[in-house]
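S.K.: structural data only, the sequence is not supplied:
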Ligand SMILES: O=c1ccn([C@H]2C[C@H](O)[C@@H](COP(=O)(O)OP(=O)(O)OP(=O)(O)O)O2)c(=O)[nH]1
């Protein structure tokens, strides 16, 4: 079942979830603007929140705008702190190299996701405990599919086996 949290809101248009169970509620622009290729702009949404401590709101791109028009959120996920009472704004970027993108007032430009977060209680130590991964990162596990015991259907090994 979907968890909910009470969030106080002051808004010109209340963000809506398109479907039951959706994680993101759509944010609308309060202004019209044109983003030229490669251009970014800080876009007001007309909403301000008060959420409980221990929560954060993340401002993230809409996949349709990203895929069809190259519109993204520069700092995604934009972090709205629980204590922030100002207007939520979205730093939109038009990554398309050729096409300008027009935003009309009222357009759904991004979405906001509410999540529980913990603050770290930093405990300084001389040496960190070991782990399976250790310090490996940044592609240390490679990029191709891991080798398997059984060759995939249609693989070279399987075809060779059929021939012999
Ligand atoms: O996409 C975003 C990101 C942030 N904010 C607001 C809410 C957030 O609580 C505040 C500060 O954001 P952040 O901490 O990311 O910015 P900063 O550059 O570190 O500024 P500050 O010094 O004010 O913390 O700005 C937005 O409205 N939209």
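M.R.: Here it is on my side, so go on. Keep in mind the model is a prediction, meaning the values are calculated, not measured.

S.K.: so which bits of the chain are right by the ligand?
M.R.: 59, 75, 78-81, 84, 88-91 (CB under 6 Å from any ligand atom). For every residue, glycine as well, the C-beta is placed using N, CA and C.

S.K.: which one of these is nearest residue 104?
M.R.: residue 90 (14.6 Å; CB to CB).

S.K.: the closest one: how many residues sit nearby?
M.R.: 25 (other CB atoms under 10 Å).

S.K.: so who does it touch?
M.R.: With CB atoms under 8 Å, 6 or more residues apart in numbering as the criterion, the residues that contact residue 90 are 27, 29, 42-43, 45, 59, 73, 78, 109-110.

S.K.: same check on residue 10?
M.R.: 47-48.

S.K.: am I right that it sits in a helix?
M.R.: No: with DSSP: H, G, I helix; E, B strand; the rest coil as the criterion, residue 10 is strand rather than part of a helix.

S.K.: that older thread, now the buried members of the residues of the chain next to the ligand.
M.R.: 59, 78, 80, 88-91 (16 or more other CB atoms under 10 Å).

S.K.: surely residue 37 touches residue 98?
M.R.: Yes: using CB atoms under 8 Å, residue 37 is in contact with residue 98, at 5.9 Å.

S.K.: who has more neighbours out of the two?
M.R.: Per other CB under 10 Å, whichever of residue 37 and residue 98 has more neighbours is residue 37, with 13 against 6.
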